[in-house]
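Enquirer: Below are the sequence and a predicted model; questions follow.
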Amino acid sequence: MSLEADLLADRRRLRRRLTFWRLVAIAVFFGALGVAAAMRAPGALPGAQHVLRLPVSGTITEDRRIVQALDRAATDNAVRAVVVAIDSPGGTMAGGEALHAALRRIAERKPVVAVMGATAASAGYMIAMPAQRVFAREATVTGSIGVLLQSFDISELMERAGIRPLTIASGPLKDQPSLFRPLTEEGRAALDRVIQDLHSQFVDMVAAGRHMEAARVRTYADGRVFTGRQALEAGLVDAIGGEREARAWLAAERQVPESLPIRDVQTRGTAERLVSQVTESMMKTLLSEWLGVDAPRALWQPRP
């Protein structure tokens, strides 16, 4: 029995050593892979000309790292153009404004095209406005030029439950809107002024981006959505198409060759991305090799 136990212990130690050296080999492999990719990939060398792609999906909020990456791209001579690939139902007004401003700064220096996917509505439409050319699919859902503020009132429910909220505020508008009492006429008027000002800002962005009179934009700015075909007819987009058509337009109108490689905006440095890849691979190895094989068997071994 003692000999069998010794053999089992040696076997476990051997597996642990093999796992360690496997992890080392994976780290070396990915390090070499990263260096090789940087040296061999077309257009991947530092300073090589390329087209930058900014994918925008999901809810749009303010992202400092994306804005900083776009500001660097604006002064990077290697970036010949920017493709904004949008698939978003919208987001915060401030988030859309920040991205809109960053793209406008780039558009003052180099070509920017926007490509709309399934959805590019509200703030998703707003961020397309700095582009010199806006493409949409025929079935794209876009538009929704408007601003929304939502809340709800549970005061009646609380009253039925015998709950009385206590609010101490510095002024009558500080708690407007409130969950605990109905919106007052004064509060509604104050919030309406805020919404109308934000709406005017949105309209101005569209008017500037689409080269329209603000009055004309307001006829479309009632919150409705459009299909890509409807948006084209209304002048809210320039053409039907996707990234392929966008690249062809850049080549024909802005002399940006279609042969140039395209790179996504990276908010992490090369070293950070490489470390992330290595860490992910190491964790997978640990889970499969250590926890999946050694740990349960080391914790319990059936006696013969």
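Expert: Thanks, I have the structure now. Remember, predicted model here, so these are calculated numbers, not experimental data.
Enquirer: Show me which residues of stretch 78-87 are buried.
Expert: For stretch 78-87, the neighbour count (16 or more other C-beta atoms under 10 Å) marks Val79, Arg80, Ala81, Val82, Val83, Val84, Ala85, Ile86, Asp87 as buried. All C-beta atoms are positioned from the backbone trio N, CA, C, and that covers glycine.
Enquirer: What's the mean pLDDT across the longest strand along the chain?
Expert: Using DSSP state E, we find that the single longest strand of the chain is strand 79-91. On average, the pLDDT along strand 79-91 is 95.
Enquirer: swap in stretch 67-74?
Expert: 94.
Enquirer: Now that stretch: buried residues?
Expert: Buried, per 16+ other C-beta under 10 Å, within stretch 67-74: Val67, Ala69, Leu70, Ala73, Ala74.
Enquirer: Same check on stretch 243-257?
Expert: Neighbour counts over stretch 243-257 (16+ other C-beta under 10 Å) mark Glu243, Ala246, Arg247, Trp249, Leu250, Val256 as buried.
Enquirer: With stretch 53-62 instead?
Expert: For stretch 53-62, by 16+ other C-beta under 10 Å, it's Arg53, Leu54, Val56, Ile60.
Enquirer: Break down the chain into its helices, ranges please.
Expert: 2-40, 64-74, 93-107, 123-126, 155-160, 185-210, 214-220, 228-234, 243-254, 270-285, 295-299 (DSSP state H).
Enquirer: could you give the angle of the second one to helix 93-107?
Expert: For helix 64-74 against helix 93-107, the angle by axes from the mean of the first three to the mean of the last three C-alpha atoms, to 10 degrees is 10 degrees.
Enquirer: how far out from the middle of the chain is helix 64-74?
Expert: Centroid separation for helix 64-74 versus its chain: 13 Å, with C-alpha atoms, centre = their mean, to the nearest Å.
Enquirer: Skipping adjacent residues, who's closest to the residue nearest the centre of the chain in space?
Expert: Closest residue to the average C-alpha location of the chain: Val56 at 4.2 Å, with C-alpha atoms, centre = their mean. Using C-beta to C-beta, 6 or more residues apart in numbering and skipping residues adjacent in sequence, the residue nearest Val56 is Ile86, 4.9 Å away.
Enquirer: Wait, the residue nearest to the centre of the chain touches Ala85, no?
Expert: Yes - contact criterion C-beta atoms under 8 Å: Val56 and Ala85 qualify, at 6.8 Å.
Enquirer: What strands flank the longest strand of the chain, and is each parallel or antiparallel?
Expert: Paired neighbours of strand 79-91 in the sheet (DSSP bridges): strand 50-60 (parallel), strand 112-121 (parallel).
Enquirer: Just send the buried residues of stretch 78-87 back as CSV, with distance to Gly228 too.
Expert: Formatted as CSV, those follow (distance: C-beta to C-beta, whole Å):
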residue, distance to Gly228
Val79, 27
Arg80, 27
Ala81, 22
Val82, 21
Val83, 17
Val84, 16
Ala85, 15
Ile86, 12
Asp87, 13
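Enquirer: so which of the residues you listed comes closest to Leu103?
Expert: Val84 (6.5 Å; C-beta to C-beta).
Enquirer: Can you mark which positions in stretch 203-214 are buried?
Expert: Val203, Met205, Val206, Ala207, Gly209, Arg210, Met212.
Enquirer: Then stretch 186-193?
Expert: By neighbour count on 16+ other C-beta under 10 Å, the buried set for stretch 186-193 is Gly187, Leu191.
Enquirer: Keeping just the C-alphas, turn that stretch into PDB.
Expert: What follows is stretch 186-193, C-alpha atoms only, in PDB (Å, rounded to 0.1, in the frame of the first residue of the first chain):
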ATOM      1  CA  GLU A 186     -44.000  73.500 -11.900                       C
ATOM      2  CA  GLY A 187     -41.800  70.400 -12.000                       C
ATOM      3  CA  ARG A 188     -43.300  69.300 -15.300                       C
ATOM      4  CA  ALA A 189     -42.600  72.800 -16.800                       C
ATOM      5  CA  ALA A 190     -39.000  72.800 -15.600                       C
ATOM      6  CA  LEU A 191     -38.300  69.300 -16.900                       C
ATOM      7  CA  ASP A 192     -40.000  70.200 -20.200                       C
ATOM      8  CA  ARG A 193     -37.600  73.100 -20.600                       C
END
